[in-house]
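Participant: Got a predicted structure here, sequence first:
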Amino acid sequence: MNAFVTFILGIVFPKLIFKIKTDKKVVYLTFDDGPTPEVTLQVLSILKEFNAKATFFCLGKNVEQNQDLFNQILEDGHSVGNHTQNHLKGIDTSLDVYFDDIKNAQNHLNTKLFRPPYGRISLKQIKFISKYYKIVMWNVLSKDYDKKMFPEKCLHRVITRTKAGSIVVFHDSLKAQMNVLNVLPRYLFWLRENNFECKAIED
């Protein structure tokens with residue numbers, strides 16, 4: 001999303017967080033769909049190397065299967081968010097079913113942050129869910145999951161879109177593995193060279 005689109009969406013949907021207001025050079029890295037052993041462990045190692053903090057929007061079913069890895073995310077000082085139990089698409093799901101799925105994930109997460117899978121959520125769902133959670137969207141999407149998105153293009157995409165307060169989306173999933181593990185260290189190096197700090201989104 002460009003700055004103008006983010007500005008308009010922020011007006012139309014004031015309960016959705018697309019970026020963080022700040023006058024400092026801070027970026028908010030986020031990772032969706034994990035934890036995934038083959039990817040998340042390496043992501044955590046890269047983040048630690050650059051002393052960067054991030055927010056992991058986790059699927060409840062993956063936390064259930066990888067509790068130790070989820071604990072490692074927390075021990076490393078990162079924040080976590082709810083990404084539903086089963087990666088449901090909100091606009092294709094009734095409010096009751098959708099919120100029950102969020103609650104199932106919450107049993108494993110205990111967070112006030114929520115991100116809708118695919119970013120697809122209805123106005124009715126926004127109004128209801130925002131009573132209980134901060135709904136965190138993004139203004140920089142890496143598209144690391146896209147098979148047509150090669151690492152160099154992915155890196156260029158995130159670098160050219162990054163501004164102070166940007167919320168940047170990567171994925172610690174098998175689908176994104178090639179891109180995220182290739183791009184993340186180079187992006188973090190670019191951020192450091194350009195005096196950006198990476199922080200976790202506060203719960």
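Facilitator: Noted; the coordinates are in hand.
Participant: Please enumerate residues in contact with the host helix or strand of Thr55?
Facilitator: Element membership of Thr55, judged by DSSP states H and E, is strand 54-58. Outside of strand 54-58, the residues within contact range by CB atoms under 8 Å, 6 or more residues apart in numbering are 28-35, 40, 47, 70, 73, 78-83, 105, 108-109, 113-115, 136, 172, 198, 200-201. Glycine gets a C-beta too; all of them are placed from N, C-alpha and C.
Participant: If we use 7 Å, what do you get?
Facilitator: Outside strand 54-58, the residues that touch it by CB atoms under 7 Å, 6 or more residues apart in numbering are 28-32, 34-35, 47, 70, 73, 78-81, 83, 109, 113, 115, 172, 198, 200-201.
Participant: Now the element after that strand, going C-ward?
Facilitator: helix 60-65.
Participant: Okay, and which of the contacts of strand 54-58 map to strands?
Facilitator: Judged by DSSP state E, the subset of the contacts of strand 54-58 located in strands is Tyr28, Leu29, Thr30, Phe31, Asp32, Ser79, Val80, Gly81, Leu113, Cys198.
Participant: any idea which of these is the one closest to Lys163?
Facilitator: Tyr28 (11.3 Å; CB to CB).
Participant: Okay, the residue lying closest to that closest one once chain neighbours are set aside and Asp92: tell me how far apart.
Facilitator: The shortest distance from Tyr28 to any non-neighbouring residue, by CB to CB, 6 or more residues apart in numbering, is to Ile167 (4.7 Å). Distance from Ile167 to Asp92, counting by CB to CB, to the nearest Å: 24 Å.
Participant: higher neighbour count, these two?
Facilitator: Ile167 (22 against 11; other CB atoms under 10 Å).
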